[in-house]
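In: Sequence and predicted structure below; questions after.
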Amino acid sequence: MTCGELLVALLQDLGVELVFGIPGVHTVELYRGLPATRIRHITPRHEQGAGFMADGYARVSGKPGVCFTITGPGVTNIITAMAQAYADSIPMLVISSVNRTHELGGGGGRLHELPSQRELVAGVSAFSHTLQRPDELPEVLRRAFAVFSAARPRPVHIEIPIDIITATADHVSRELGSAASRAAPAPQAIAAAARLLGAASQPLLLLGGGAVDAGESATRVAEQLDAPTAVTINAKGLLPYGHPLALGSNQSLPPVRALAAQADVVLAVGTELGETDYDVVFDGGFRIDGKLIRIDIDALQLQRNHAADIAVLGDARLSLEALGAALAHEPARPHGADSPGSRRAAAARRELQDQWPAGWDAQRRLLQLVQETLPEVIIVGDSTQPVYSGNHSYEARRPRSWFNSATGYGTLGYGLPAAIGARLAAPARPVIALIGDGGIQFTLAELGSAVEAATPIIVLLWNNHGYGEIKRYMEARAIEPLGVDIHTPDFLGIARAFGWEAVRAQDLAQLQGHLQAAVGRTGPTLIEIMEDGPTAFHPT
Ligand SMILES: Cc1ncc(C[n+]2csc(CCOP(=O)(O)OP(=O)(O)O)c2C)c(N)n1
Ligand SMILES: [Mg+2]
């Protein structure tokens, strides 16, 4: 058995079901053992597509997305996707080759050579490791999976020199030992938090993507505290749909900011308190004037952005369960739609609705129709108008059902490949990629991967013939729009050429018909929506 064969056997032992990658002469030895496993291989058209697919798969399944890439260009191509996953704390394992051990850093002009590949990737990884011997493999994989399951999940990079991939591994034990248990919070910290929250008169709860698997315990705590609750974009769906305490993801808008500033105690769980959720208007206006309790799995993150009065290190679900148990000893508060907290939340929601920009209304109705037609839908967004407005107005029915690349790193080109990964993780659910005409052109060739992977996803293409958001931004600053009115191709023709069904929707009834037809198909469907022009969409 070679090191390459051992690797895929270990990955299977670790529960990996899918690998995304484009093979090359440096990685063929990773493929030798694959057919003997149950692992399915998915081939993208660019390594960035592989990374985004792995990300979409991870966000829906909760399991790490695994990629194989070649030395050099394969690695540089996937770095953008790793950076998006790094920013949003998504588990991802990138296994690449690298030049021979004795040539590393040599600058000899070898095929695919980089001065230091490991250093390049280390900046977007929890860690990046160069394998020196096959014997190291079980341990380094154990470390990677410890990041994914028990620490703050982020990409991990393992590079294997091409002389090590083929080295014999017959002597290496396949023993993987026990995964780490998740960290429970310190009891004193939870007791202090419960005392402070128990005495609060205007508490506010902030939930982030770190709490994505803590919906039930978070809802219990929200109800015990009667606290209006804001979720980040990656935490949408944590409270039951239509919950009276829900504020959605509007921390950048005045009504929720007012609640945050007025709150005497804010409890923030698994959230960075970062810019793309709390300050997309870039004015530094999100303030917490009262006491702040933070819960996070990452000790460093507990100290970033806002200083906490009580900083609790621990897993979100275990911490919220412990907090819920402690709060059960505090005097019960009223709850239900008429409670003071629910009334504060309802007032904020009304104010928010009055303040929605006019242009958002059409997009909101579009997204509502999608959700009514396909209640189980997962909407994977790129960085385009209806994604921005949906980040504020859309209420997901379940966690892991609305996410996009407008958060965190904010790259274009994410939506299509990430939707393919999402569908692979949830083959029974409708998956929509919501993308602009600019964003889709970054990874357009992945239309081919969707056909090949037999993932009947739906692309909702928001076409305004250009980089609309940036054009608006330039106009608002009296900069003459330049570089934003791009040539857009015949997307329907392109999609058909890739083997997709492709149609245009001009009103809600047409859109509904197209969606219903699309979910009945075995192949993927692109539905184009024109923002303007003679075939413009009217949300009626
Ligand atoms: C890789 C990358 N390059 C550039 C940008 C800057 N950018 C953000 S939004 C945007 C416009 C995207 O156009 P489109 O996808 O058509 O969406 P629209 O704003 O028109 O709705 C651009 C260029 C980015 N976020 N990521
Ligand atoms: Mg556009």
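Out: Right, received. Where do you want to start? Ligands and ions are numbered 1, 2, ... in the order given.

In: mind listing the strands for the stretch 201-350 of the chain?
Out: Using DSSP state E, counting those that start in this stretch, the strands of the stretch 201-350 of the chain run over 203-207, 229-231, 265-269, 291-296, 310-313.

In: Ramachandran angles for the closest residue to Arg110 other than its chain neighbours?
Out: Nearest-residue entry for Arg110: Asn99, 5.0 Å, with adjacent residues in sequence omitted and distances by Cβ to Cβ, 6 or more residues apart in numbering. Where you see a C-beta, it was placed from the backbone N, CA and C, and this is true even at glycine. Here is the backbone geometry of Asn99 (degrees, to the nearest 10): phi -60, psi 170.

In: Do I have it right that Asn99 meets Glu113?
Out: Yes: using Cβ atoms under 8 Å as the test, Asn99 is close enough to Glu113 to be in contact (5.4 Å).

In: neighbour-wise, which of those two wins?
Out: Asn99 (23 against 17; other Cβ atoms under 10 Å).

In: re earlier: okay, and the common contacts of Asn99 and Glu113?
Out: Here Asn99 and Glu113 have Thr71, Gly106 as joint contacts, going by Cβ atoms under 8 Å, 6 or more residues apart in numbering.

In: confidence score at the residue of the stretch 201-350 of the chain found nearest ligand 2?
Out: In the stretch 201-350 of the chain, the residue that lies nearest ligand 2 is Val280 (18.2 Å; Cβ to the ion). Model confidence at Val280, given as pLDDT, is 95.

In: Hmm, Ser249 and it touching each other?
Out: No: assessed by Cβ under 8 Å, Val280 is found out of contact with Ser249, at 9.9 Å.

In: And those two? Which one has more around it.
Out: Of the pair Val280 and Ser249, Ser249 is the one with more neighbours under other Cβ under 10 Å, namely 28 against 18.

In: That one - nearest residue in space that isn't next to it in sequence?
Out: Distance criterion Cβ to Cβ, 6+ apart; nearest residue to Ser249, sequence neighbours excluded, is Ile233 at 5.2 Å.

In: mind listing what that neighbour touches?
Out: Gly209, Ser249, Thr276, Asp277, Asn391, Trp402, Phe403, Asn404, Ala406, Thr407.

In: rerun at 7 Å
Out: Counting by Cβ atoms under 7 Å, 6 or more residues apart in numbering, Ile233 makes contact with Ser249, Asp277, Asn391, Phe403, Thr407.

In: Could you count how many residues lie near the last one?
Out: For Thr407, the tally of surrounding residues (other Cβ under 10 Å) stands at 24.

In: hmm, back to that, inside helices: which ones of the contacts of Ile233?
Out: Counting by DSSP state H, the contacts of Ile233 place Asp277, Asn391 in helices.

In: Which two among the contacts of Ile233 are spaced furthest apart?
Out: Distance extremes for those: the farthest pair is Asp277 and Phe403 at 12.2 Å, using Cβ to Cβ.

In: How many residues are close by Gln368?
Out: Gln368 has 16 neighbours, counted by other Cβ under 10 Å.

In: Check whether it sits in a helix, strand or coil.
Out: Taken by DSSP: H, G, I helix; E, B strand; the rest coil, the conformation at Gln368 corresponds to helix.

In: Report the separation between it and ligand 2.
Out: 22 Å (Cβ to the ion, to the nearest Å).

In: again with Ala183
Out: Ala183 is 43 Å from ligand 2, by Cβ to the ion.

In: Would you enumerate the residues in contact with that residue?
Out: By Cβ under 7 Å, 6+ apart, Ala183 lies in contact with Ala150, Ile297, Leu313, Gly314, Asp315.

In: among those residues, which are in helices?
Out: Ala150.

In: of all the contacts of Ala183, which two lie farthest apart?
Out: In terms of Cβ to Cβ, those reach their longest pairwise distance at Ala150 and Leu313, which sit 12.6 Å apart.

In: Tell me which of those two has more neighbours.
Out: For Ala150 versus Leu313, the count of surrounding residues by other Cβ under 10 Å is larger for Leu313: 18 against 15.

In: hang on, the more buried one packs against Ala299?
Out: Yes: at 5.3 Å, Leu313 counts as touching Ala299 under the criterion of Cβ atoms under 7 Å.

In: which parts of the stretch 301-450 of the chain sit against ligand 1?
Out: Ser383, Thr384, Gln385, Gly410, Thr411, Leu412, Gly436, Asp437, Gly438, Gly439 (Cβ under 6 Å from any ligand atom).

In: With the chain instead?
Out: Residues of the chain lying near ligand 1 by Cβ under 6 Å from any ligand atom: 383-385, 410-412, 436-439, 462, 464, 466-470.

In: out of these, who's near ligand 2?
Out: Within the set of the residues of the chain next to ligand 1, contact with ligand 2 (Cβ under 5 Å from the ion) is found for Gly436, Asp437, Gly438, Asn464, Gly468.

In: near ligand 2, which residues of the stretch 101-250 of the chain?
Out: Residues of the stretch 101-250 of the chain lying close to ligand 2 (Cβ under 5 Å from the ion): none.

In: ok, the residue of the stretch 201-350 of the chain closest to ligand 2 to Leu259 distance?
Out: 17 Å (Cβ to Cβ, to the nearest Å).

In: Gly21 too?
Out: Taking Cβ to Cβ, one finds Gly21 at 46 Å from Leu259.
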